[in-house]
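# predicted model, plus sequence, below.
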Amino acid sequence: MSKVIRRKEKESVSSVQKVGENKLGVRDTDFLLKLISRSSFEGVEIEQAYSVIQKLGAMHRRHLED
């Protein structure tokens, strides 16, 4: 099951990278991380939520380093 999810993640990442004009800023990533932290997830959503949190966290750290 995780193999299927990983393939979908790779496809979504490449499609996001192609959209150059709609980038997320530090305030955007901060807002999304806070919103996700207040949310609850069940079952199969947990793995996807973890993946999204990791990606947003990395983006947020890069913004803070700039």
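Yep, it's here.
# longest helix in the protein, by number of residues?
If you go by DSSP state H, the chain has its longest helix at helix 45-65.
# same for that helix, what does it pack against?
If you count contacts as 3 or more CB pairs under 8 Å, 6 or more residues apart in numbering; DSSP states H and E, helix 45-65 packs onto helix 2-18, helix 26-37. The way it works is simple: take the backbone N, C-alpha and C, and place the C-beta from them, glycine included.
# hey, least reliable of these by pLDDT?
Mean pLDDT is lowest for helix 2-18 among these, at a mean of 50.
# ok, how many other residues are close to Leu56?
Look at Leu56: counted by other CB atoms under 10 Å, it has 17 neighbours.
# hang on, I meant Thr29
20.
# what's the answer for the one 4 residues further on, then?
The criterion is other CB under 10 Å. On that basis, Leu33 has 15 neighbouring residues.
# tell me the contacts of the closest residue to it other than its chain neighbours?
Excluding its sequence neighbours, the residue lying closest to Leu33 (CB to CB, 6 or more residues apart in numbering) is Leu56, at 5.5 Å. Contact partners of Leu56, counting by CB atoms under 8 Å, 6 or more residues apart in numbering, are 29, 32-33, 36.
# which of those sit farthest apart?
Using CB to CB, the two most remote members of those are Thr29 and Ile36, lying 10.5 Å apart.
# and Ser39, which of the three is it?
Using DSSP: H, G, I helix; E, B strand; the rest coil, the three-state assignment for Ser39 comes out as coil.
# nearest spatial neighbour of it, chain-adjacent residues omitted?
Nearest to Ser39 is Ala49, by CB to CB, 6+ apart, at 7.8 Å.
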